[in-house]
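Enquirer: this is a predicted model, with the sequence first.
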Amino acid sequence: MPAYLLGHAGGLMLEIRRAARQFRFVALLVAAHAAAAAFVVAQSGLPTNVALLESGLDLSAWVFVPFLLFFVVWRAVRLIAVERPPRPLTRLVEDLALIVGDRRRLAEGLVVTLIYLVLMASFAQIKHHVPLVAPFAWDKTFFELDHLLFLGHDPWRLLWPLLGSAEATFLVNLCYNLWLFVVYFWMLAAAFSVSDRERKLAFLFGFALIWIVGGNVLAIAFSSAGPVYYERLGLGTAYVELMDGLAASDRIYPVWALGVQETLWNSYAHGMAGPSGISAMPSMHNASTVFLAACARTVHPRLGRIMAGFAVVILLGSIHLGWHYAVDGILGAAIGVAGWWIGRALARASIRATPRNAER
């Protein structure tokens, strides 16, 4: 048994080295971003926000368990409904044993998960410091752009007949909260998938780019707080009626966005203590869901349609809940599409540049 375990560990280390070579260009991109994040934090004069790193690790661990349960249930349903083997339970146990013992899958999952953790930790650090690096200056412009695009109308007012009820607001907020878990599930699925190397690399490159370029670079270039904070920035009362309407809904069904918005503002107003990160332009909720929809379409057309529908709900929710101007979501969607296509191009280039002995 010890000899078997040593052999298994040795084989796993060999696979980890191979995976590191395969994903080295993504890792270099993320490492450069991490160095930039360290520079931004150093320039701000504030220490690294350790709470952000801890909460990110906690969330990753917490999501991993339901991801595994979902995978087991999905595999069981597929066996029973599609493959229909004589002994489905025995077949399920055998399949899971094969997956757990797949050193290539495990190695790639570990390497990619590490890349994810560095990426999101660096993103969170820069996002935390956006208001310090670039004070909010674009809200008035984006308010005016919304009016220009919607012919003098407030986008949220156009949505109110559809989403203004307490029930609709509750459901939209529920979907908006589910966004984080959907993103994490896709991250883990991509990390441990071995079915399509080009799509996996396209996901990794594109996912990294949308968060680096959209979530950090453009967030600093177009620093804005969003409609929910419009009045608090001294810009007027254009969104007071929206926030009053959400507060009225909250008295019937919970509108969790209001509590999160208050927490973020209190952190910002009291010297960036605790959880923070106010940044409206571009909407990364929209960028990431559109990116996932583009990826899902290459997996299966039906999955692509489901994710596209989810992306529409997130876009409408970002406006209705006061988080974003409509132009935030429009640019976010464009970033998501561009991220996928650029990711695919970089994936092909990375595969061509990968030594043959790094391939399976």
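Expert: Nice, thanks for sending it over. Numbering: from 1, shown residues only.

Enquirer: contacts and neighbour counts: CA atoms only from here.
Expert: Will do.

Enquirer: so what's residue 304 up against?
Expert: 293, 294, 295, 296, 297, 298 (Cα atoms under 8 Å, 6 or more residues apart in numbering).

Enquirer: format those residues as a markdown table; extra columns: pLDDT.
Expert: Conversion of these to a markdown table gives the following (pLDDT from 0 to 100):
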| residue | pLDDT |
| --- | --- |
| 293 | 96 |
| 294 | 96 |
| 295 | 94 |
| 296 | 94 |
| 297 | 93 |
| 298 | 92 |
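
Enquirer: and these, which of them are buried?
Expert: 293, 294, 295, 296, 297 (16 or more other Cα atoms under 10 Å).

Enquirer: from the residues you listed, which land in helices?
Expert: Among the buried ones among the contacts of residue 304, DSSP state H puts 293, 294, 295, 296, 297 in helices.

Enquirer: can you redo those as TSV with distance to residue 191?
Expert: Below are these laid out as TSV (distance: Cα to Cα, whole Å):
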residue	distance to residue 191
293	17
294	17
295	14
296	15
297	18
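
Enquirer: nearest to residue 347, of those residues?
Expert: residue 295 (13.2 Å; Cα to Cα).

Enquirer: my guess is the closest one contacts residue 339, does it?
Expert: No. Residue 295 lies out of contact with residue 339 (Cα atoms under 8 Å); the separation is 10.3 Å.

Enquirer: from the centroid of this structure, which residue is nearest?
Expert: Centroid-nearest residue in the chain, with Cα atoms, centre = their mean: residue 183, separated by 4.7 Å.

Enquirer: let me see the contact set for it.
Expert: 288, 289, 292.

Enquirer: who wins on neighbours among these?
Expert: residue 289 (28 neighbours; other Cα atoms under 10 Å).

Enquirer: host element of that one?
Expert: helix 284-299 (DSSP states H and E).

Enquirer: and what of residue 31?
Expert: Using DSSP H and E, residue 31 falls in helix 24-44.

Enquirer: residues in contact with that helix?
Expert: Counting by Cα under 8 Å, 6+ apart, 47-48, 115, 118-119, 122-123, 125-126, 129, 132-133, 204-205, 208, 212, 350 sit against helix 24-44.

Enquirer: from those residues, which would you call buried?
Expert: Among the contacts of helix 24-44, the ones that count as buried by 16+ other Cα under 10 Å are 48, 115, 118-119, 122-123, 125-126, 129, 132-133, 204-205, 208, 212, 350.

Enquirer: quick check, pLDDT for residue 62.
Expert: As predicted, residue 62 sits at a pLDDT of 59.

Enquirer: JSON lines for the contacts of residue 304, including distance to residue 254?
Expert: Shown next, in JSON lines, are the contacts of residue 304 (distance: Cα to Cα, whole Å):
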{"residue": "293", "distance to residue 254": "28"}
{"residue": "294", "distance to residue 254": "32"}
{"residue": "295", "distance to residue 254": "33"}
{"residue": "296", "distance to residue 254": "31"}
{"residue": "297", "distance to residue 254": "34"}
{"residue": "298", "distance to residue 254": "36"}
